[in-house]
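**Q** dropping a prediction and its sequence here:
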Amino acid sequence: MAEYSAFALLKNALTGNQDWKPAWRKPEPKPAYDVIIIGGGGHGLSTAYYLAKEFGITNVAVLEKGYLGSGNVGRNTTAVRSNYLLPENVRFYEHSMKLWENLSHELNYNVMFSQRGCLNLAHTPGQLDDYARRGNAMRHEGVDAELMTPAQIAKLVPGLDVSASARFPIIGGLMQRRAGTARHDAVAWGYARGADRRGVDILENCEVTGFIKDGDRVVGVNTTRGEIRAGKVAVAVAGHTGHVMRMAGIDTMPIESHVLQAFVSESLKPFLHTVLTFGMGHFYASQSDKGGLVYGGDLDGYNSYAQRGNLPIVEEVMSEMLALFPSLARVRVLRSWGGVCDMSMDGSPIITTGPLPGMYLNCGWCYGGFKATPASGWCFAHTIARDEPHEFNAPFTLDRFQRGTIIDDKGQGSTPRLH
Amino acid sequence: MLITCPYCGPRDVSEYTYQGDGNRTRPDPASTDQEVWNAYVYDRLNPAGEHHEIWQHSGGCRAHLAVTRNTLTHVVSSVSFARDAGHKKSDSRRKTGAKA
Ligand SMILES: Cc1cc2nc3c(=O)[nH]c(=O)nc-3n(C[C@H](O)[C@H](O)[C@H](O)COP(=O)(O)OP(=O)(O)OC[C@H]3O[C@@H](n4cnc5c(N)ncnc54)[C@H](O)[C@@H]3O)c2cc1C
Ligand SMILES: [Zn+2]
């Protein structure tokens, strides 16, 4: 029987909620595992889960330097979508979307996946054409997409300034109705519990400080909790990729770490029923179930590992919000924070074997890796277990930059702060 | 974050444009060495700590600046005109007769 159910809730309510098991154990590190996964974020945890569930590999440890979910998995604005242009991205993110659609059931953990849609607003005819092209590319791959008129948009998003006198008049938009939001912490906790119950050791406060090598081959890691050996060492540390790979002797990567800020407002009555993006700048917002607006904009735009940003972006994000919703001018901001994003050179991720023997690499998520969490772990587990990529992640190699097979959805070139 | 332009003095970061990693030197344009070009275009040191980078004071004197900044704390420890800093190697790589 499922661990979490209406019956379990009732039974525990009657017995004073004393009998709940912790969602994951706090084991001591073993001297060796079949697989070590560095990074207890969404991707590391989902990788462990699918390794155990799909491939029966359960002698696995997830090594997290802080507490579980202290990285970007607990810092993002939770938008989940598969509205990409290039087929490699559409296929991968659509696979993720399908996993999302069943995730609460799969994990027996309510990740509060809410398919409230994601609407990209267009403000110029060129932009609308571009969205039409993207929508067609999506539909070509069997993904839902529809163009919306200003009248439809006004109905869907009351409060939005759709007047012709708006600073940047809205002339239409691209909607993916199956897109939405999820509860980020629950995703981390749900995968953690699922992996733990299948035998995976989740080791918190266990920072990797070096790699143990036999010649070129990675055979284990040094950590703040001692030396741990493994047949396979998988790296899934998101914003810390450059730093961790350097410990393995790889000095440069096609990645820069940049800080992205996010904001939450005080609670408001429900008025924003979809994930909304502004097209004349970079702004996105949704409204949480508690009523707070969850929103953000651009990266600060310089290399940073600081998990906090500067004020110019705060001002820019607020002014973009007001360009859309003048009525929010007096709403107060409750909290803001930053996360370190692993910006790749073409804006697409890397999920691959190598680059050293015994090593596996998962990175380059930019600021869009939350939605990828299920598919990333699913593909990475496949790659680790089979020593070759699944067809969904086969294009996301590390050597694509050398080979000229970059996957640049935005056509931005190798300026990571612009992806 | 303030960056002290050697010409204009301390100014807010919003006056500057980030031009990224200053550790790279553009290869000889005549070179057809794929490894060298790939490294220049795509590979980054991306350190957690002191970082050499190029900023332009685009909202001020428009000078290009060589900045050393800590990526963990955002503290700027040195700023100089990019034309004076580093780039020693580029001269030796430049082909004789190429425009300066
Ligand atoms: C403000 C913000 C908003 C975002 N919004 C969205 C969004 O709306 N939609 C979306 O799809 N994506 C979004 N993202 C991106 C998304 O959050 C990330 O791409 C994704 O979470 C990265 O994967 P992860 O969960 O595994 O990363 P993390 O949770 O960062 O996991 C990496 C883990 O590795 C650990 N680690 C690092 N170094 C070591 C070491 N040496 N030893 C052991 N452990 C180590 C870290 O502590 C961390 O817990 C956003 C990101 C930010 C910062
Ligand atoms: Zn100046």
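**A** Cool, got the structure. Ligands and ions are numbered 1, 2, ... in the order given.
**Q** near chain B, which residues of chain A show up?
**A** Contact residues (C-beta under 8 Å from any C-beta of the partner chain) of chain A with chain B: A:240, A:242-243, A:246, A:251-257, A:301-306, A:310, A:312, A:345, A:401-402, A:414-415, A:417. For the C-beta atoms, the positions are set from N, CA and C on the backbone; glycine is no exception.
**Q** near ligand 1, from these?
**A** Near ligand 1, judged by C-beta under 6 Å from any ligand atom, the entries from those are residue A:240.
**Q** report the buried members of the residues of chain A next to chain B.
**A** Burial by neighbour count, 16 or more other C-beta atoms under 10 Å in any protein chain shown: within the residues of chain A next to chain B this picks out A:240, A:242-243, A:246, A:252-257, A:301-306, A:310, A:312, A:345, A:401-402, A:414, A:417.
**Q** now what about the helix or strand encompassing residue B:4, what contacts it?
**A** Assigned by DSSP states H and E, residue B:4 belongs to strand B:2-5. The list of residues contacting strand B:2-5 from outside it, by C-beta atoms under 8 Å, 6 or more residues apart in numbering or on different chains, reads B:10-13, B:16, B:55, B:57, B:60-61, B:63, B:65, B:67, B:76, B:79.
**Q** count of residues packed around residue B:42?
**A** By the measure other C-beta atoms under 10 Å in any protein chain shown, the count of residues near residue B:42 is 20.
**Q** surely it meets residue A:254?
**A** Yes: here residue B:42 reaches residue A:254: they are 4.4 Å apart, a contact under C-beta atoms under 8 Å.
**Q** moving C-terminal of the top helix by length along chain B, what's the next helix or strand?
**A** If you go by DSSP state H, chain B has its longest helix at helix B:34-42. Downstream of helix B:34-42, the next assigned helix or strand under DSSP H and E is strand B:50-56.
**Q** quick check: residues of chain B near ligand 2?
**A** Residues of chain B lying close to ligand 2 by C-beta under 5 Å from the ion are B:5, B:7, B:8, B:57, B:60, B:61.
**Q** helix, strand, or coil at the fifth one?
**A** Right, the one you point to is residue B:60. Put simply, residue B:60 is coil when judged by DSSP: H, G, I helix; E, B strand; the rest coil.
**Q** hmm, back to that, who touches both of residue B:42 and residue A:254?
**A** A:345, A:401, A:414.
**Q** just send those residues back as CSV, with secondary structure too.
**A** Formatted as CSV, these follow (three-state DSSP):
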residue, secondary structure
A:345, coil
A:401, helix
A:414, coil
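**Q** okay, who's weakest in those residues by pLDDT?
**A** Ranked by pLDDT, the shared contacts of residue B:42 and residue A:254 bottom out at residue A:414, which scores 92.
**Q** I'd like the distance between that one and ligand 2.
**A** In this view, residue A:414 and ligand 2 are 27 Å apart by C-beta to the ion, to the nearest Å.
**Q** grab the nearest non-local neighbour of that residue.
**A** residue A:345 (4.3 Å; C-beta to C-beta, 6 or more residues apart in numbering or on different chains).
**Q** one more: residue A:154?
**A** Nearest one to residue A:154, counting by C-beta to C-beta, 6+ apart, is residue A:162 at 4.5 Å.
**Q** show me what contacts that neighbour?
**A** Counted by C-beta under 8 Å, 6+ apart, residue A:162 has contacts A:150, A:153, A:154, A:169, A:170.
**Q** helices - which of these land there?
**A** Judged by DSSP H, the contacts of residue A:162 include A:150, A:153, A:154 as members of helices.
**Q** between those, which sits nearest ligand 1?
**A** When these are ranked by distance to ligand 1 (C-beta to the nearest ligand atom), residue A:153 comes first, at 20.6 Å.
**Q** so the residue nearest to the closest one when sequence neighbours are not counted bridges to which residues?
**A** Excluding its sequence neighbours, the residue lying closest to residue A:153 (C-beta to C-beta, 6+ apart) is residue A:173, at 5.5 Å. Using DSSP bridges, the bridge partners assigned to residue A:173 are residue A:121, residue A:148.
**Q** please list all residues in contact with residue A:173.
**A** Neighbour list for residue A:173: A:119, A:120, A:121, A:122, A:131, A:147, A:148, A:153 [criterion: C-beta under 8 Å, 6+ apart].
**Q** what about the fourth one, distance to ligand 2?
**A** Right, residue A:122. 37 Å.
**Q** next one, pLDDT for that residue please.
**A** 97.
**Q** can you give me phi and psi for the closest residue in space to it that isn't next to it in sequence?
**A** Among residues not flanking residue A:122 along the chain, residue A:128 sits closest, at 4.1 Å (C-beta to C-beta, 6+ apart). Phi and psi for residue A:128, reported as degrees, to the nearest 10, are phi -60, psi -40.
**Q** now do the contacts for residue A:128.
**A** Residues near residue A:128 by C-beta under 8 Å, 6+ apart: A:122, A:147, A:171, A:172.
**Q** and the residues you listed, which are buried?
**A** Neighbour-count burial (16+ other C-beta under 10 Å) applied to the contacts of residue A:128 gives A:122, A:171, A:172.
**Q** tell me which element the closest residue to residue A:80 other than its chain neighbours falls in.
**A** By the measure of C-beta to C-beta, 6+ apart, the closest residue to residue A:80 outside its immediate chain neighbours is residue A:371, 4.2 Å from it. Secondary structure assignment for residue A:371, by DSSP H and E: no helix or strand.
**Q** do you know how far residue A:371 is from residue A:116?
**A** 14 Å (C-beta to C-beta, to the nearest Å).
**Q** between these two, tell me which one has more neighbours.
**A** residue A:371 (25 against 17).
**Q** can you verify my assumption that that one contacts residue A:79?
**A** Yes: under the criterion of C-beta under 8 Å, residue A:371 makes contact with residue A:79 at 6.7 Å.
**Q** what sits closest to residue A:36 if chain neighbours are left out?
**A** Residue A:36 sits nearest to residue A:230 (C-beta to C-beta, 6+ apart), 4.0 Å away.
**Q** tally of neighbours for the one you found?
**A** Burial of residue A:230 is recorded as 23 neighbouring residues (other C-beta under 10 Å).
**Q** now do the one 3 residues further on
**A** Here the neighbour count serves as a burial measure; for residue A:233 (other C-beta under 10 Å) it reads 28.
**Q** and what of the one 4 residues further on?
**A** Residues contacting residue A:237 under the criterion other C-beta under 10 Å number 27.
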